[in-house]
Every structure is written in structure tokens, then in C-alpha cells.
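Engineer: I would like to see how this sequence folds:
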Amino acid sequence: MSAGYIPIRSELPADSLSAGSVSAVLNEIGSRLEILCSSGESWRIDLRSLPFSAQERDRLKALLGQGEVVAHIAALGPSELAETGYAGVWWVTHRNAEGAVVAELIEVTRVPDLLESPEQDVRASLSRLQGAIARCATLSEELP
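Structural biologist: Residues are numbered from 1 along each chain as shown. Purely as a prediction, here's the structure:
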């Protein structure tokens, strides 16, 4: 070390990178919510595709808050679709049969696609209901 050398060490606050990453995602969510309002176009991002730490993920979740609607779906593994504190912004978590998270998404949409009944299922339900109504009329029975 020379006589005039003064060591300089730069230290960033522990959450400075976190704040920047979370802020960028929040800004993108805000932009996408504007687009949803103006054109109806939905958007989603897989949070696992981002270089987020667990702390950043938790911070984002805390900032978005919790809304009034939570749906649970039991399909190939359990899924939870939770509206955040901002209507139209959903936190969606998909797990495999063992319970491990396989996808964690933010969806900006009025209703997540997974909650929408497929056309084919609705048509099949209509046919079944019409059959039940016909049986009730014929047999004077109450609907099941």
C-alpha cells in the first residue's frame, strides 16, 4: 500500500437492489393495469423467471397486499388465485402433487383464464341440466 492510498469501500444498503427490482415490477404492473383499463388486454409474468430473491418476492407480495377474492383449484396439483389489494392484479400460485411451487405468476386481468369455464364444459353442463329438468318434469321430482 502506498502512503497516499486510502481504501474506499462502496456498500449499498441491503435492500437497495431489492427496492429497484420490486419497483420495476410494480411499474410494469401499473402500466399493464392501464392497458387493461383502456383495451381489455390481459398480461402475466412468471415471477420465477425473474432474478428475484425470496425477500424481493415477499416484499412485492406485501406491497400488493391481499384483496377480497381467493380461489382454490384442485387439478394436477393445487392452485391458488388470489386477487391482490389492487382489483385486476392477481397473484397465482401453482403447485405440483407434492406441494412444491411450479409456477408463481402475477396476472393483470379482470378474471384469470383458469377461472373461466371452458365453452365445451358449459355446453356439457347445459345438456346435463336440460336432461335433469326433463326428468323432473316427467317424474314430478325435485331437482337433485
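Engineer: which helix or which strand is home to Ile45?
Structural biologist: strand 43-46 (DSSP states H and E).
Engineer: give me the contacts around stretch 98-109.
Structural biologist: 25, 29, 32-33, 35-36, 42-48, 57, 64, 77-78, 81, 88-96 (Cβ atoms under 8 Å, 6 or more residues apart in numbering). Bear in mind the C-beta positions are built from the backbone N, C-alpha and C, glycine included.
Engineer: convert it to PDB, retaining C-alpha atoms only.
Structural biologist: Below are the C-alpha coordinates for stretch 98-109, written out as PDB (Å, rounded to 0.1, in the frame of the first residue of the first chain):
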ATOM      1  CA  GLU A  98     -46.200 -33.000  -3.800                       C
ATOM      2  CA  GLY A  99     -46.900 -29.400  -3.000                       C
ATOM      3  CA  ALA A 100     -43.800 -27.800  -4.500                       C
ATOM      4  CA  VAL A 101     -44.400 -24.500  -6.300                       C
ATOM      5  CA  VAL A 102     -44.100 -25.000 -10.000                       C
ATOM      6  CA  ALA A 103     -45.300 -21.500 -11.200                       C
ATOM      7  CA  GLU A 104     -45.900 -18.200  -9.400                       C
ATOM      8  CA  LEU A 105     -47.500 -15.600 -11.600                       C
ATOM      9  CA  ILE A 106     -48.700 -12.100 -11.500                       C
ATOM     10  CA  GLU A 107     -51.700 -11.800 -13.800                       C
ATOM     11  CA  VAL A 108     -53.200  -8.400 -14.700                       C
ATOM     12  CA  THR A 109     -56.700  -9.400 -15.900                       C
END
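Engineer: quick one: mean pLDDT for it?
Structural biologist: Stretch 98-109 shows a mean pLDDT of 95.
Engineer: what sits up against the top helix by length along the chain?
Structural biologist: Using DSSP state H to define each element, the chain has its longest helix at helix 16-39. Contact with helix 16-39 is made by 41-43, 45, 50-53, 55-56, 59-60, 63-64, 86, 88-89, 106, 108-110, as judged by Cβ under 8 Å, 6+ apart.
Engineer: all good on my end, thank you.
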